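> Give me the fold of what follows.
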Amino acid sequence: MAPTWCARRAGTYRILSRIDDVNQGVEISAFGTGLTPIESDEGVRRSVRRPLSSGVPLARQNGGVSSPEPDRADGDYAPRRKPFLQQSYGDMLRSLLLFVVVIALVYGCNSVLADDAETPVHTVEYASQLASAEELADYEVLAPHDLPEGWRATSVDVEQRKDEGKDLVAWHLGFLTPDDHYVGLEQTNGDLDPAVAGQIEPGGGTTIEMDGRSWQVSRSDSGDNALISREQGVTTVVNGSPGIEVLRQFAASLR
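The predicted structure follows:
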């Protein structure tokens, strides 16, 4: 009779190893398993569990090599999660797809919120700065009057400095048109700001007359346009991104 190795647990016997085929010379040892061979009435050698000093439950045989297992009721084996390195391509693809979906949702929500939230335009009052510029400058300081509805003043600046004993005053006003194009007014009895001077086309250009004042039309490489007036040592520039007609409308309102 080929011996079978068993372990008694919870009042039942569980088969732990393969049948030893004596005729084929196969022998399986119970060494290290905590099992003690016994002889049953039928002549079948069985084994019972011998208590282990470590308190670790009896191991289940797996291909002749025992591995510890937690104490569970018979037939109650929870599925084991695969280690990361043993994940299949399908598992990794599903994880990657979930990650991409989450990123897309976050990006979409941010885009919707950014589109809905309009950036407020900061406007300024320039009446007091205009009065200061008129007091400091020895030339006629200009400012727009009766602009159409929708024009908004967004920046103002008055700068005074001395150059070889002469008082130089620079006056700046910035506006946004109803279409959110920028239009600037620069006036000075000294050198223009380099940022403004760089937008002016060098040399001559078309000249237009408005209200007794001559304006030179200039178009820069950046696409901005400008109207430049030079009278009695004072340079006045109206520049911005709109077309020449919009700049002419603004220049015509200067008083």
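> residues in contact with stretch 241-250?
The contact list for stretch 241-250, computed with CB atoms under 8 Å, 6 or more residues apart in numbering, reads 144, 147-148, 175, 177, 179, 181-183, 185, 208, 210, 217, 223-227, 238-240. C-betas here are computed from N, CA, C, even on glycine.
> run the last query once more with 6 Å
Stretch 241-250 is contacted by residues 181-183, 224-225, 227, 238 when judged by CB atoms under 6 Å, 6 or more residues apart in numbering.
> Now list the buried members of the residues you listed.
183, 224-225, 227, 238 (16 or more other CB atoms under 10 Å).
> Sketch out the strands for the stretch 51-200 of the chain, chain order is fine.
60-62, 65-67, 152-163, 166-176, 182-188 (DSSP state E, counting those that start in this stretch).
> Can you convert those into JSON lines and add a column each for distance to Ser132?
JSON lines is the format used below for those (distance: least, CB to CB, whole Å):
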{"stretch": "strand 60-62", "distance to Ser132": "93"}
{"stretch": "strand 65-67", "distance to Ser132": "89"}
{"stretch": "strand 152-163", "distance to Ser132": "5"}
{"stretch": "strand 166-176", "distance to Ser132": "10"}
{"stretch": "strand 182-188", "distance to Ser132": "14"}
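> Out of these, which is closest to Ala131?
Closest approach to Ala131 among the strands of the stretch 51-200 of the chain (CB to CB): strand 152-163, 9.8 Å.
> In this protein, mark out all the helices, start to finish.
Taking DSSP state H, the helices of the chain run over residues 89-116, 127-136, 194-197, 244-252.
> Which of those helices has the lowest mean pLDDT?
Ranked by mean pLDDT, the helices of the chain end with helix 89-116 at the bottom, a mean of 79.
> helices or strands next to that helix in the packing?
For helix 89-116, not one helix or strand is in contact under the criterion 3 or more CB pairs under 6 Å, 6 or more residues apart in numbering; DSSP states H and E.
> got any ranges where this protein has weak pLDDT?
By pLDDT under 70, the low-scoring segments of the chain are 1-87, 111-119, 201-205.
> rewinding a little: out of the buried ones among the contacts of stretch 241-250, which is nearest to Thr154?
Using CB to CB, these come closest to Thr154 at Val183, 10.0 Å.
> what's near enough to touch the residue lying closest to Ala251 once chain neighbours are set aside?
Counting by CB to CB, 6 or more residues apart in numbering, Val238 is the residue found nearest to Ala251 once chain neighbours are left out, at 4.8 Å. Residues near Val238 by CB under 6 Å, 6+ apart: 185, 227, 247, 250-251.
> how near is Val238 to Ile228?
8 Å (CB to CB, to the nearest Å).
> ditto for Pro242
Pro242 sits at a distance of 16 Å from Ile228 (criterion: CB to CB).
> Looking only at neighbour counts, state which of the two leads.
Ile228 (22 against 18; other CB atoms under 10 Å).
> Tell me who's in contact with the more buried one.
So Ile228 contacts 216, 237 (CB under 6 Å, 6+ apart).
> Recalculate using a threshold of 8 Å.
200, 215-216, 218, 235-237.
> Many thanks, we can stop here.
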